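A.B. asks: Next come a sequence and a model predicted from it.
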Amino acid sequence: MLVLKAKFDMRRITISVPDEAHRALKLLSILEAKAFGTIVLEALEFYLKDKDAYNLDVSKRSDS
């Protein structure tokens, strides 16, 4: 489960997304009655956990 930290514990990032992805995120935020940023953070959290990214370190890098 995503636990949002206080604003001062977060870094701000700027990304460009296709219109279709923005629309889908916006519609989800409306349907789930959640802030747009919360939906984006949940999607990011899901991806990072799926890739086991929180357990990465430099020695695990692959040379693909």
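C.D. replies: Nice, thanks for sending it over.

A.B. asks: Count the neighbours of residue 11 for me.
C.D. replies: Neighbourhood size, residue 11 [other CB atoms under 10 Å]: 4. (Glycine included, C-beta is placed from N, CA and C.)

A.B. asks: State the distance from it to residue 44.
C.D. replies: Using CB to CB, to the nearest Å, we find residue 11 at a distance of 12 Å from residue 44.

A.B. asks: could I have stretch 27-43 exported to CSV, CA atoms only?
C.D. replies: The C-alpha coordinates for stretch 27-43 follow below in CSV (Å, rounded to 0.1, in the frame of the first residue of the first chain):
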residue,chain,number,x,y,z
LEU,A,27,-10.4,9.9,-15.7
LEU,A,28,-9.1,7.5,-13.0
SER,A,29,-8.6,10.4,-10.6
ILE,A,30,-12.2,11.4,-11.2
LEU,A,31,-13.7,7.9,-11.0
GLU,A,32,-11.7,7.1,-7.8
ALA,A,33,-12.2,10.5,-6.2
LYS,A,34,-8.5,10.9,-5.7
ALA,A,35,-6.1,13.7,-6.6
PHE,A,36,-4.4,13.4,-9.9
GLY,A,37,-1.0,13.3,-8.2
THR,A,38,-2.1,10.5,-6.0
ILE,A,39,-3.1,8.4,-9.0
VAL,A,40,0.3,9.1,-10.6
LEU,A,41,2.2,8.2,-7.4
GLU,A,42,0.2,4.9,-7.0
ALA,A,43,1.1,4.0,-10.6
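
A.B. asks: Which strands or helices does the strand or helix carrying residue 42 pack on?
C.D. replies: Element membership for residue 42 (DSSP states H and E) is helix 36-50. On a contact count with 3 or more CB pairs under 8 Å, 6 or more residues apart in numbering; DSSP states H and E, helix 36-50 meets helix 19-31.

A.B. asks: got the angle between the helix it packs on and helix 36-50?
C.D. replies: Helix 19-31 runs at 110 degrees relative to helix 36-50, counting by axes from the mean of the first three to the mean of the last three CA atoms, to 10 degrees.

A.B. asks: In contact with residue 54: list those residues for me.
C.D. replies: Shown in contact with residue 54 (CB atoms under 8 Å, 6 or more residues apart in numbering): residue 48.

A.B. asks: Cool, thanks, talk later.
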